[in-house]
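Q: predicted model and sequence follow; I will ask about them next.
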Amino acid sequence: MTVNKTLGRPESLCDVPTLYCGGCGHGVAHRLTAEAIDHFGLRGSAVGIAPAGCSVLLYKYFDIDTIESAHGRALAVGTGMKRANPDLFVLTYQGDGDLASIGMCETIHTANRGESITAVFINNAVYGMTGGQMAPTTLPGQRTTTTPAGRDIAREGAPIKMAEMMAGFDGVAYSERVALYDPRQIRRARKAVFKAFEAQITNSGLGFVEILAPCVTNLKMTPDKAQQWVIDELCATFPLGVYKDRLPTENQATTPAAATQTATAECGSVTHAD
Amino acid sequence: MTVDTQSVSVITGNRAAAEAARLARVDVVAAYPITPQSPVVETLSKYIETGVLDAEFITVESEHSAMGVCIGAATSGSRVFTASSANGLAYMCEQLSWAAGSRLPIVMGCANRAMSAPWSVLNDQQDAMSQRDQGWIQLYCRNNQEILDTFLQGFRIAEQVKLPVMVCYDGFILSHTVMPVDIPEQEQVDAYLPPYSVHTILDPEEPRNVNPVTLANPRLNGDGVLCHGYMEFRYLMEQAHKEALDMIVVADEEFEACFGRRWGGLLWSYQLEDAEVVLLAAGSLAGEATISADMLRSEGIRAGVLGLRAYRPFPAAAVADALKEAGLVVVFDKSLSYGYDGPIRRDVQAALFEHRVMPEVHGYIAGLGGRDIKARELVDAARDSITWAEQGKGPKPTDWINLQL
């Protein structure tokens, strides 16, 4: 019997150990994104735009051109890059502090303009790199360094649900929320990333994927407990599922993402916006 | 000066800033996290959550909004505090101008950090220097005790002259290193710093618009009252800065009366009386220069230090007076006005020229983006300058210390 190697390191992922904390979601999310770059043959045309946050260092891990932008401005920088160079594949990779907090204005206006960009959004419900302060996505009651007694909705507002919100913009072609807590979810996340890539490739509008991931360091949990927290807590507030899919039908048949068109979630309620 | 050792804690510069805000009984804190400032507002959020400080803490989504919240709260009568660094401060830029133009006595901390691009989280003073002309008072600190004390003085100054105050301290070098700091008792601080007496009056019986659109020339309002034009407002803001030159000294003298220590008011000196060579800088680098002065004196060179505490308003007359006996002034800048020179060096030179004090002035750029700078390197720079001056070579081009191209 011959055993063929079916999985290896994606070519667009550098062969280096990551500096991310053990149990952090960035490693897997990076890999899924790199697989999509490889799958669609985008290594020569992809430009990655890094946020302020832990993944500011993504240029160490992706073997593509990358650019740093000011905190929250990735989608504005991406807009300029894509409009001036429509042949580029423009990819932003942002956390909740970057995309949903300080950069919210850029995020919603880029979505509203329907820019042909792919945005990978990592939601870990906390500001990771600066030391665990409250994010807009922090859960009610969650203790952070700026809400030591827990987030109080009456005072700090409720968690912002980006995937649902992005789906509401006509300019967004695809919006899905996924998680990484088991192999099945990772496969689903991979398909979602591919779909968000397709949105740009087919020039349909903004492709958006929200990935729920734990920040083990600021949660002060072991990786296994942190994954359970994602299932029990994070998914309860942020239901997984496809919130928008208006990708052209003919493309659905030609990509590995086709099977996910009617993805159903395993936890929380599911919304099918389209 | 006597210090009750019971009240001394070993704390970081960020903690000193937070303790000062607590002791000042601030009503509102609004901030967005940024390295190296974040521990200031984390500490304050803990104090507010646990009831140590009776204040509102608002977790805003950006620095631009943080200063917006501060403006709203200060306008309606609250004593407010925030802190930022580098890109966060730059993102506040528009609101900084609003705060100063509205004459609001907001006090903020700036844990000085290098500006992007390229990204750096490490120290220099480019962030605060880039906001120099927004109308804020800027005070620079050399150690953690001075940070705590300067924040308290900052509220006294701000509320007297009705200008916002930025207390600047070097990121990591001071923000994250621990030093013994005497934390005063609340009663002492209450005696020094009375409750904020609001000067912008919002009165439902007499509704008014704060900050209306202002035209170029003074004109009558609907009630027939002649109102200032834009230039008049700006002139009055400049007059407030002139008033602040006195108030910064007064606040320091009053502080000494209450707490038994003072920091020099506008500037401070070390071994300056007979100094032929004066090393001049702001912040922790000026503190470092005192070691360099000692090293130069051990070699027989009469060296001293002039530390700049107030950068805006700029104490031009005091600087000229302090340097009138100096033969050579060596200025170290941790920032750059690109296309010209270190901002402190050029301001010092202009002040000296205006007052007809004519020592030779040399400039050095040092410590950008966290590049380490040692007392020995300041000594080497001073020696280079002494040699240059002795050889009568004329104007000396600005040098970059420890540049490795």
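A: Right, received. Where do you want to start? Numbers count the residues shown, from 1 in each chain, chains lettered A, B, ... in the order given.
Q: domain parsing of chain B, as residue ranges.
A: B:5-197+B:249-254, B:267-400 (automatic domain parsing).
Q: how about TSV for those domains, with mean neighbour count added?
A: The way it works is simple: take the backbone N, C-alpha and C, and place the C-beta from them, glycine included. Formatted as TSV, the domains of chain B follow (neighbours: other Cβ atoms under 10 Å in any protein chain shown):
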stretch	mean neighbour count
domain B:5-197+B:249-254	22
domain B:267-400	19
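Q: what residue ranges in the stretch 1-150 of chain B score low on pLDDT?
A: B:1-5 (pLDDT under 70).
Q: contact residues of it facing chain A?
A: B:32-35, B:38-39, B:41-42, B:45-46, B:49-50, B:57, B:59, B:61-63, B:87, B:91, B:116-119 (Cβ under 8 Å from any Cβ of the partner chain).
Q: give me the subset of those lying in helices.
A: Residues of the residues of the stretch 1-150 of chain B next to chain A located in helices (DSSP state H): B:S38, B:P39, B:V41, B:E42, B:S45, B:K46, B:E49, B:E63, B:N87, B:Y91.
Q: and the furthest pair within those?
A: Using Cβ to Cβ, these span at most 27.4 Å, a distance reached by B:E49 and B:N87.
Q: what kind of secondary structure is whichever residue of the stretch 151-300 of chain B sits closest to chain A in?
A: Using Cβ to the nearest Cβ, the single residue of the stretch 151-300 of chain B nearest to chain A is B:H176, 11.8 Å away. The three-state assignment at B:H176 reads coil, by DSSP: H, G, I helix; E, B strand; the rest coil.
Q: got phi/psi on the closest residue to it other than its chain neighbours?
A: Of all residues not flanking B:H176 in the chain, B:T12 sits nearest, at 5.6 Å (Cβ to Cβ, 6 or more residues apart in numbering or on different chains). Per-residue torsions, B:T12: phi -80, psi 170 (degrees, to the nearest 10).
Q: check contacts around B:T12.
A: B:P39, B:N144, B:L174, B:S175, B:H176, B:T177, B:V178 (Cβ atoms under 8 Å, 6 or more residues apart in numbering or on different chains).
Q: which member of those residues is positioned nearest B:Q349?
A: When the contacts of B:T12 are compared against B:Q349 (criterion: Cβ to Cβ), the nearest one is B:L174, at 27.3 Å.
Q: the closest one and B:A18, how far apart?
A: Distance of B:L174 to B:A18, computed by Cβ to Cβ, to the nearest Å: 13 Å.
Q: cool, and B:E253?
A: Distance from B:E253 to B:A18, counting by Cβ to Cβ: 26 Å.
Q: cool, B:A99 as well?
A: 21 Å.
Q: again, but for B:R262
A: Look at B:R262 and B:A18: by Cβ to Cβ, they are 23 Å apart.
Q: now stretch B:182-195: mean pLDDT?
A: In this model, stretch B:182-195 has an average pLDDT of 97.
Q: need the contact partners of it.
A: Everything outside stretch B:182-195 that qualifies as a contact, by Cβ under 8 Å, 6+ apart, is B:3-4, B:7-9, B:11, B:19, B:23-25, B:79, B:145, B:148, B:152, B:155-156, B:254-255, B:258-259.
Q: next: stretch B:392-401.
A: B:332, B:341-342, B:345, B:360, B:362-367, B:373, B:377-378, B:381, B:384-385, B:388.
Q: out of the residues you listed, name the ones that lie in strands.
A: Judged by DSSP state E, those include B:F332, B:E360, B:H362, B:G363, B:Y364, B:I365 as members of strands.
Q: closest to B:P315 out of these?
A: Among the ones in strands among the contacts of stretch B:392-401, B:F332 lies closest to B:P315 (Cβ to Cβ), at 17.6 Å.
Q: my read: B:H176 touches B:Q37, true?
A: No. Using Cβ atoms under 8 Å, B:H176 makes no contact with B:Q37, being 10.5 Å away.
Q: overlap in contacts, the two.
A: Taking Cβ under 8 Å, 6+ apart as the contact rule, the neighbours common to B:H176 and B:Q37 are B:N14.
Q: quick check, central residue of chain B?
A: B:L139 (2.2 Å; Cα atoms, centre = their mean).
Q: which ones are touching it?
A: Counting by Cβ under 8 Å, 6+ apart, B:L139 has contacts B:T150, B:Q153, B:G154, B:V165, B:M166, B:V167, B:C168, B:I248, B:R309, B:A310, B:Y311.
Q: need the nearest residue in space to the residue of the stretch 151-274 of chain A found nearest chain B, chain neighbours excluded.
A: Relative to chain B, the nearest point of the stretch 151-274 of chain A is A:E156 (5.5 Å; Cβ to the nearest Cβ). Among residues not flanking A:E156 along the chain, B:T59 sits closest, at 5.5 Å (Cβ to Cβ, 6+ apart).
Q: ranges for the strands of the stretch 101-250 of chain A?
A: A:118-123, A:172-179, A:206-212, A:241-245 (DSSP state E, counting those that start in this stretch).
Q: please apply the same query to the stretch 1-150 of chain B.
A: B:8-12, B:28-31, B:56-59, B:80-84, B:107-112, B:137-140.
Q: can I get the first one in CSV? Just the C-alpha atoms.
A: Output of strand B:8-12 as CSV, limited to C-alpha atoms (Å, rounded to 0.1, in the frame of the first residue of the first chain):
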residue,chain,number,x,y,z
VAL,B,8,6.9,55.6,49.9
SER,B,9,6.0,52.9,47.4
VAL,B,10,8.1,51.4,44.7
ILE,B,11,6.0,51.9,41.6
THR,B,12,6.2,52.4,37.9
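Q: following the chain past the one helix or strand B:A158 maps to, name the next helix or strand.
A: Assigned by DSSP states H and E, B:A158 belongs to helix B:144-161. Moving toward the C-terminus from helix B:144-161, the next helix or strand (DSSP H and E) is strand B:165-170.
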